[in-house]
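Colleague: no FASTA, just this:
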């Protein structure tokens, strides 16, 4: 139940274009729009993170660098957000790499995409640039995580956070049946999962296919992408909260139990019915507005 402007993920990549055009090429071919003489000649795997720099702590940045070291010819594609923070990140890499003396190599494998103001274009380019999203910690991706998942880009996330903001992607992966991408043991397991995806093509392809299958599933839709089903449960919860408030009873947790009808999920015929109702309501509002103008 997505807006038509949101691009459906595809199993195959469209042929690459030079210069790059939205919706074309694989992550390896597009190489985060970096120059071909910068970094690996043949990129093996592209990790991404499209969150603001402020969502990441030093431990997370160090883990990304460890991942790059462990996956030959891999690169990481970050969002230049904000651009003023890039020099500081480069300085962090220099300090991290001092002992191994590989700062130049690491910096050549870290690239930045400019901010994309159009949210639909931002969602579309996730598939073009990313093999896997390495999630932020302690503050996960929220909207950007959904953009990635619906672009067929699996997310590796840490599941050892205590706050809601650090467990968003953990919940997503559980509902999607991809909990093996949740690092419940912390940063070391986070690195292990990301490295496995980057060095085991069979495993990576299976996770990507599983994710895209969920996005394209119909009759019924996959529970994670079934917005009408979610709305029904959310409305149910709001009604329970209101009734409980009116009862005057002490505050307590609210448990949502789906009806048999809701559990069936949303089918294409349901989407058509909802769309018809939306169009009818829109026409009625327009007609009512015209009537009011005439009366005035």
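Modeller: That came through, no problem. Note that the structure is a prediction, hence the values are computed from the model and not measured. Residues are numbered from 1 along each chain as shown.
Colleague: how about low-confidence regions in the protein?
Modeller: Residue ranges of the chain with pLDDT under 70: 1-2, 293, 296.
Colleague: helices of that one, residue ranges please.
Modeller: For the chain, the helices defined by DSSP state H cover 27-30, 58-70, 86-96, 103-107, 119-129, 143-149, 168-175, 187-199, 201-216, 227-247, 260-263, 268-295.
Colleague: pretty sure residue 93 contacts residue 105?
Modeller: No - using C-beta atoms under 8 Å, residue 93 is not in contact with residue 105, being 10.1 Å away. The C-beta positions use only the backbone N, C-alpha and C, and glycine is treated the same way.
Colleague: more neighbours: which of the two?
Modeller: residue 93 (21 against 14; other C-beta atoms under 10 Å).
Colleague: contact partners for that one?
Modeller: 65, 103, 106-107, 110 (C-beta atoms under 8 Å, 6 or more residues apart in numbering).
Colleague: between the residues you listed, which sits nearest residue 269?
Modeller: residue 110 (48.2 Å; C-beta to C-beta).
Colleague: which residues touch that closest one?
Modeller: So residue 110 contacts 68, 75-76, 78, 89-90, 93 (C-beta under 8 Å, 6+ apart).
Colleague: same check, this time on residue 38
Modeller: Neighbours of residue 38 in contact, by C-beta under 8 Å, 6+ apart: 108, 111.
Colleague: coming back round to it: with distance to residue 13 added, can I get the helices of the chain in a markdown table?
Modeller: Supplementary listing: those in a markdown table, determined by distance: least, C-beta to C-beta, whole Å:
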| stretch | distance to residue 13 |
| --- | --- |
| helix 27-30 | 8 |
| helix 58-70 | 23 |
| helix 86-96 | 28 |
| helix 103-107 | 27 |
| helix 119-129 | 8 |
| helix 143-149 | 16 |
| helix 168-175 | 23 |
| helix 187-199 | 17 |
| helix 201-216 | 11 |
| helix 227-247 | 27 |
| helix 260-263 | 36 |
| helix 268-295 | 27 |
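Colleague: for these, which one sits closest to residue 136?
Modeller: Nearest to residue 136, of those and by C-beta to C-beta, is helix 58-70 at 6.4 Å.
Colleague: what helices and strands are in contact with that closest one?
Modeller: With contacts defined as 3 or more C-beta pairs under 8 Å, 6 or more residues apart in numbering; DSSP states H and E, the packing partners of helix 58-70 are strand 45-49, strand 74-79, helix 86-96, helix 103-107, strand 132-134, helix 187-199.
Colleague: so what strands line up beside the second one?
Modeller: Okay, so that is strand 74-79. Counting by DSSP bridges, the strands paired with strand 74-79 are strand 45-49 (parallel), strand 110-113 (parallel).
Colleague: in stretch 127-143, what counts as buried?
Modeller: Neighbour-count burial for stretch 127-143 flags 127-141 (criterion: 16 or more other C-beta atoms under 10 Å).
Colleague: right, I mislabeled it, should have said stretch 192-208
Modeller: In stretch 192-208, counting by 16+ other C-beta under 10 Å, buried: 193-198, 204, 207-208.
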